[in-house]
Structure formats: structure tokens, C-alpha cells
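A.B. asks: Here you go, sequence then predicted model.
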There are 2 protein chains.
Amino acid sequence: MISAGALAPHDHMHCITDALQRAEALCEQRGVRLTPTRRRVLELVWDSHAPIGAYAILDQLKGNDRTAAPPTVYRALDFLLEQGLIHRLESLNAFIGCDHPEDHHISQFLICTECRQAIEVADKRIVQAATICAQAQGFSLSRITLEIEGTCARCSARLREAGEN
Amino acid sequence: MISAGALAPHDHMHCITDALQRAEALCEQRGVRLTPTRRRVLELVWDSHAPIGAYAILDQLKGNDRTAAPPTVYRALDFLLEQGLIHRLESLNAFIGCDHPEDHHISQFLICTECRQAIEVADKRIVQAATICAQAQGFSLSRITLEIEGTCARCSARLREAGEN
DNA sequence: TACACTGTGAAATGTTATTTCACACACGTG
DNA sequence: CACGTGTGTGAAATAACATTTCACAGTGTA
């Protein structure tokens, strides 16, 4: 449940192609259309190690497709969000690929302010605590946005090391 | 810890004047300046029952002060955020008054999609769960953004009632 | 007086997101 | 095949949210 790139170096190329293949299979299975634009946007989201903004995607999209405009990107992003293929980080106004789009899950994010990467987690205790909290207020819950900002393990280590020198 | 207006009808006028008085006292005590602009912006935030956007504040500010521009508002909001007198809701790009600015606390929000009001809570279990989750990833936590979206008790009741008719 | 610090005025610009209308294409049905 | 319908896209404009920059005013202090 932890996004692949966050904790260890890895073959990002592999994780992109893998994600795209799974997205295709999933869309096929659901009877929805992963059109070329949508596919390309998903690819660009995965290309970026860190959460990426809509206009950054747009800029890259313009590279091959001169006709791309903001709605092109937002429409694709909306589709991908609906299908659970990506997530939106509210505190960053940015988007990140989802590693396990098969189940519609509730997830949380650990966002590193140093390297800008985000780790996706699905923590039952957090969800449970939030649910109980909402219930206590008579609040009927439909969505939980939890974004934890801080410094990831690797960056913490790097900073400590730099501090010692 | 629950923002006054959210659960029961109340004298909102009283809660505004009360909040302003406490803000004044607090700034005095801290040796920071609650200037007329800052005070006015805080008042406008409290005037609104629901979280309010920067440009909505600006529009009202322009009513009495023709010279107001976006930075006028954002500078005031930045100050108020620093002093803990207001909170920012990331998922709404909006601001809400804080009922207990005396202690710098970690809070969460229950946001009603019906009436648009937000309830502020400080739930220890949520914070604890988030802290444990971060630790498990070796993540050193600096800020938690938790915004729960749903329907508040009153709106739920209202909707149920409407549904029965 | 001179200086530093803090807060404001004003204009421009940057960034993120939506609305609107027209059109193209795929698909199923008569 | 002709025809409607639904879905996705092109293109322009606009809306909504936020920051940069530079000049200047007020206050306290050496």
C-alpha cells in the first residue's frame, strides 16, 4: 500500500509500464474507455516521482499535442480520479498515481517537504478514529482527506548526516 | 473545541465580538499588532458562518476600503494563521475562525457539503493514529491536515425529514 | 538626525480550475 | 444505409486563488 518509489530506489520505468497495463486491464474490465489522452495523462502522472500539478502535465502534453488546453487535462484527471487510478492531494493541488486502483479504498498521504515525494498509506486506525470522531458529532462521513506533512525517512537521514559534518 | 455555530443555533454576534476581544487580548499579550486591517479581516472571517474564501473577504473589504487588493487580504490572513486566530481548509481554499487560539493545537475539520459549515475538533485518537502511522514509515511529522467531508447532524435530519414527505 | 523594522499601497503577474459551445466519432436501432 | 444518442474532444474565454515586486509611511531606537 506504500507507493513504490517512496521508500527505496527502484525501477521507475517498470512501475510506470506496470501501472499503465493494470489501468488498461481495469478499464477494459469496467467497460470504460482509457482513451489516448487519458492514457497519456496517466503516464505523465506516473512519470513524475512527486505529485504533479495539472499545468505541469499540460506543459508536457503540449509537447506532443499542440492543441492541449486546460480542460483537456482536467477532463482526463477527472476520469482518472473517478476510476481511482490517481489521487488528488488537496494541500498541494497536485495529483499522484495510485498503486492499487482495483479496490476503491480510503487512503492517506505522507508528504515530504524535502524531496516532495508522497507516500500513500491505508491506515485502519486513522480511518477508524476519524469515523468514530464523525459519529460522535452525528456527522455522516463521505470522504476523508488526510495529508501528513513532514520529512521522510531518507531525507531525515540525509539531513542528520549533513548536520553532523 | 467544537466551533460554536455548528451544532446549535446561537448568538453569532456574540461569538464574533467575543472572538475579536480574545484576539486583541492575545495579540497584546504576545506583543504582536492586530492592526485595523488584520482586525477587520478577522471580523469578516467570523462574520461568515461557513469557511470563507480570500476573494470573498476582499470583496467585503472593498466595501469600506477601496484600496484593498489581494495582498492586503493574504497578508492579513497569513498573520492570523501564524497567530492561530484562523485556520485554513485546504480542500476548500477557505478560512475559518478559531475558537481557542490561546493554545497552538492540532485540529481536524468536519465539513458539511449541505450547509457548507465546518466543525472544528481536536481528536486525540486521530492525532495519535496519524503519529503512529508516520513513525511506522520513519516519517517525521510536522503538520496534519485532516478534513472530513460529509453531512452534519442537522442537515442529515433535515434530509431524512424531506425524504419522508 | 539617521537607521532599522514592520506594515501598507498599488500594479502586475502567476497558478489553478471551470464554463461554454461546437464538433467528431462510435454505436445501436429502424 | 440513415438517423438519433451518448460520449469524448477542440478551442476560447473566463473565473478563482495566490504571489511578486517596488515604493513608501509610521514607529522605535541608537
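C.D. replies: Received it, and whenever you're ready, just let me know what you need. Numbers count the residues shown, from 1 in each chain, chains lettered A, B, ... in the order given.
A.B. asks: Low-confidence ranges, chain A, go.
C.D. replies: Applying pLDDT under 70 to chain A flags residues A:1-10, A:165.
A.B. asks: wait, what's in contact with the most centrally placed residue in it?
C.D. replies: When chain A is reduced to its mean C-alpha position, the nearest residue by CA atoms, centre = their mean turns out to be A:Ile96, at 2.2 Å. Contacts of A:Ile96 were listed using CB atoms under 8 Å, 6 or more residues apart in numbering or on different chains, and they are A:Ser3, A:Val45, A:Ala50, A:Pro51, A:Ile52, A:Ile86, A:His87, A:Leu89, A:Phe109, A:Ala118, A:Glu120. Where C-beta positions appear, they are placed from N, C-alpha and C, glycine not excepted.
A.B. asks: Tell me the gap between the helix or strand containing it and the middle of its chain.
C.D. replies: With the criterion set as DSSP states H and E, the secondary-structure element containing A:Ile96 is strand A:94-97. In terms of CA atoms, centre = their mean, to the nearest Å, the centre of strand A:94-97 is found 4 Å from the chain centre.
A.B. asks: The biggest helix by length in chain A: what's the following helix or strand?
C.D. replies: Within chain A, and with DSSP state H defining each element, the longest helix by residue count is helix A:12-30. Taking DSSP H and E as the definition, the helix or strand that follows helix A:12-30 towards the C-terminus is helix A:36-47.
A.B. asks: Export that next one to CSV, keeping only CA atoms.
C.D. replies: As requested, C-alpha coordinates have been extracted for helix A:36-47 and formatted as CSV (Å, rounded to 0.1, in the frame of the first residue of the first chain):
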residue,chain,number,x,y,z
PRO,A,36,-5.2,8.1,-25.7
THR,A,37,-5.4,11.4,-23.9
ARG,A,38,-6.4,9.8,-20.7
ARG,A,39,-3.7,7.2,-21.0
ARG,A,40,-1.1,9.8,-21.8
VAL,A,41,-2.1,11.9,-18.8
LEU,A,42,-1.9,8.9,-16.5
GLU,A,43,1.5,8.2,-17.9
LEU,A,44,2.7,11.7,-17.2
VAL,A,45,1.4,11.5,-13.7
TRP,A,46,3.3,8.3,-13.2
ASP,A,47,6.4,9.7,-14.9
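A.B. asks: Is there proximity between it and DNA strand C?
C.D. replies: No - with CB under 7 Å from any atom of the strand as the threshold, helix A:36-47 lies outside contact range of DNA strand C, at a closest distance of 12.0 Å.
A.B. asks: For that helix, name the packing helices and strands.
C.D. replies: Contact here means 3 or more CB pairs under 8 Å, 6 or more residues apart in numbering or on different chains; DSSP states H and E; on that basis helix A:36-47 packs against helix A:12-30, helix A:54-64, helix A:70-82, strand A:94-97.
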